[in-house]
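**Q** Need a 3D model of the following:
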Amino acid sequence: MHNKYLLILITLLLSLQTKATTYKSIANGNFHVGATWLGGIVPPTNITTADTIHIAAGTQVTIHNDITLNHPDAALVLDGTILSGATPKYIAIKGAAFYGMGDVVNFDSLYINTQHTVNIAGTKPLSFYKVHADTVAFSGGNILKAITSLHVSGPLVCGGVTTLEINQPTSTIYMRGGSLSEGATGIIKIAGCGELIYTPGAANTTTDIELNGPLNITIDVGGTDMVKLAQDLDISSGVLTLRSGILNLNNNNLRFSTNGDLNTSNGKISSASSSDIEVTTSNGLTGSLTFATGANTLRNLIINTTSGNGLVSLGSDLRVALNLDLQSGKVDVIDHDLSLVAGATIKNAGPFSYVVTDGLGGLIQDIGSNQSKAFPIGTITDYTPINITSKNNTVHNGIKMNVLTDVRDFGNSGSYISATQPCVRHTWHLENTLGSTDVELEVIWPNNIEANGFDRSKAYITMLNGHAWDKHTAAAATNAFANSYALKRDNIKDDGFFTVFDVNTVSVAHVVQDDNISIYPNPAKDVLRLTGIEYPVKSYIYNTAGQLISTELINNAGINISNLSSGLYYLKVESNKTTHHFKFLKE
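**A** Next up, the predicted model:
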């Protein structure tokens, strides 16, 4: 009989223990002390049943251990104040509910992984050093602050009129596959935090409504995963680092202003024709604007560097659909092409605001029938624009222009004509990517690149035809603008290299035998000899790459070439009166 009653008592006690329990604070005190709680019943620090911890209004509870609520029907109700002890602890809401009406002091972390809506409709901000959020919605009207870092690995929705605030200069936001959304009326305020880092797995992430201000942003999502903008992004005093993956402008604008900057490694930008990129920093951007293949069109590219000489470089081809606005500063295409879509225009170009094209890349524009287009191009130091007019009703779709420093035998190879000959020390290159060519060229150059006594009063535009620079009718160059001059040449029917010679220029590739002076034998095996010249003379031999191979002072004995490899070479001979140029073949 006694055993029967004992069994009933045990069963009753067990059933009571499985019922949901509410642990309510009634006094100020430590979490683990019975006097702090109603009935003296101390709640466990790891809640695994449908229990509720209620920090009542007017009470202050100090916690010396981490608190975990690990049950979908458990809850933490905060109406009073909860303090962490000397060593900051964390609160983990795993599947449970969290209602914040009171105050939080000195806690290290808040970890939330719950399908519940987290209601923090109190009067005091809930401040944690770190907030970890995974699949959670906030509401209620209060402020949740993450002082040092916010870690987002799932959808985080800020609804109601709740504000999620991360605005400390040293704060960091880590996006690990999650997303931030302000919901219907919520606010996500991260205007002043230090860094936003999108780490691997953060595919198709939507940024928040106030992503601006002094903010460092690192996109590092790997592969072709992308981070999308929800609205315009202004990098005003931080750095946008594109480490991997794609930043999708998503029909929004990207601005670099004040002290903002760009750092590019393997990340790219995805853009369509409805987005602008505007650079209004002091010296341009450190990193290059690099676009994803097939997603490299901007509506406007606006350069307005406050130093007046800032530089923005391209890490890929770029197309501009409306305006290339060069208010102040340069765009360096390096080895890529900057193309203007049909109907797009170039605005505000000038001697300090132009497209640098001294690599393999160039500026590409369409030229309509009998239409003129300005190509504001140059090298990194010199503005050397070219104007092209379509002739005889010819339409040109895709005229590419670039300009190279120096003048060489074969346009972009061979010995350096500009080292010794009177000329304009740059070479323009025209390439018609589609269709036939029938144009007039007007080249413009500053007087500081006139070399070797160049006479602009008797000058002409020369074109490289095959392996020879041709001669053309000489004329006086006209004044284009301050310290810059211009010449025109009509009837250009083909792609090619162009530069400006005067009547005294003799190019190496276009060999001219001066009077009766010649070299023999040619081809030669061991010795080259000269006729019709007064000795002694100084000889210079160059290879086809323009490199100086040998220098020799010779008398009547000839020039020793026995140690040269077989092939084509160039010979420059200087006497007391003149300089002569030849080419020869070494057997």
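**Q** Counting neighbours, what do you get for Thr297?
**A** Residues near Thr297, counting by other C-beta atoms under 10 Å, number 17. No exception for glycine: its C-beta is placed from N, CA and C like everyone else's.
**Q** The longest strand seen in the chain: which residues count as buried?
**A** Taking DSSP state E as the criterion, the chain has its longest strand at strand 291-304. When neighbours are counted by 16 or more other C-beta atoms under 10 Å, the buried residues of strand 291-304 are found to be 291-292, 296-304.
**Q** and it, how far out from the chain's middle?
**A** 10 Å (C-alpha atoms, centre = their mean, to the nearest Å).
**Q** go on, stretch 231-242?
**A** 11 Å.
**Q** list the buried ones in that stretch?
**A** Of the residues in stretch 231-242, 233-236, 238-242 count as buried by neighbour count, 16+ other C-beta under 10 Å.
**Q** got it, and stretch 395-415?
**A** Neighbour-count burial for stretch 395-415 flags 396, 399-411, 414-415 (criterion: 16+ other C-beta under 10 Å).
**Q** Identify the farthest-apart pair in those.
**A** Distance extremes for the buried residues of stretch 395-415: the farthest pair is His396 and Ser415 at 32.6 Å, using C-beta to C-beta.
**Q** For the helix or strand that contains Glu440, the averaged confidence score.
**A** Taking DSSP states H and E as the definition, one finds Glu440 inside strand 439-446. Strand 439-446 comes out with an average pLDDT of 97.
**Q** before we move on, back to that, for the buried residues of stretch 231-242, give me TSV that also has distance to Asn30, secondary structure and pLDDT.
**A** Below are the buried residues of stretch 231-242 laid out as TSV (distance: C-beta to C-beta, whole Å; DSSP: H, G, I helix; E, B strand; the rest coil; pLDDT from 0 to 100):
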residue	distance to Asn30	secondary structure	pLDDT
Leu233	47	strand	86
Asp234	48	strand	85
Ile235	47	strand	88
Ser236	47	coil	84
Gly238	43	coil	81
Val239	46	strand	90
Leu240	47	strand	91
Thr241	45	strand	92
Leu242	50	strand	93
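**Q** Specify which member of those is nearest to Phe31.
**A** For the buried residues of stretch 231-242, the residue nearest Phe31 by C-beta to C-beta is Gly238; the value is 40.3 Å.
**Q** Quick check: that closest one touching Gly260?
**A** Yes: contact status for Gly238 versus Gly260: in contact at 6.3 Å, counting by C-beta atoms under 8 Å.
**Q** what about Asn448, which SS state?
**A** Recorded secondary structure, Asn448: helix (DSSP: H, G, I helix; E, B strand; the rest coil).
**Q** how about it, what does it touch?
**A** 382, 483 (C-beta atoms under 8 Å, 6 or more residues apart in numbering).
**Q** how close does Ile541 get to His581?
**A** 12 Å (C-beta to C-beta, to the nearest Å).
**Q** shared neighbours, the two?
**A** 570-571.
**Q** Looking at the two, which has the bigger crowd around it?
**A** Neighbours were tallied for Ile541 and for His581 using other C-beta under 10 Å; the higher tally belongs to His581 (24 against 21).
**Q** Tell me what that one is bridged to.
**A** His581 has these beta-bridge partners by DSSP bridges: Lys572.
**Q** Give me the helices and strands touching the longest strand of the chain, please.
**A** strand 246-248, strand 268-271, strand 276-281, strand 318-328, strand 330-332 (3 or more C-beta pairs under 8 Å, 6 or more residues apart in numbering; DSSP states H and E).
**Q** Show the subsequent helix or strand relative to that strand.
**A** strand 311-313.
**Q** Contacts for that following strand, please.
**A** Against strand 311-313 from outside (C-beta under 8 Å, 6+ apart): 279, 283-285, 288-289, 303, 305, 329-334, 356, 380.
**Q** one more time with 7 Å, if that's ok
**A** By C-beta atoms under 7 Å, 6 or more residues apart in numbering, the residues outside strand 311-313 that reach it are 279, 284-285, 288-289, 303, 329-332, 334.
**Q** For Thr357, list the residues it contacts.
**A** 333, 363, 377, 402-403.
**Q** Show me the shaky parts of the stretch 201-350 of the chain.
**A** For the stretch 201-350 of the chain, applying pLDDT under 70 flags the ranges 201-215.
**Q** related to what we said a few turns ago, hey, which of the helices and strands packed on strand 291-304 is tucked in deepest?
**A** strand 268-271 (a mean of 25; mean count of other C-beta atoms under 10 Å).
**Q** That one pairs with which strands?
**A** Here, using DSSP bridges, strand 268-271 pairs with strand 246-248 (parallel), strand 291-304 (parallel).
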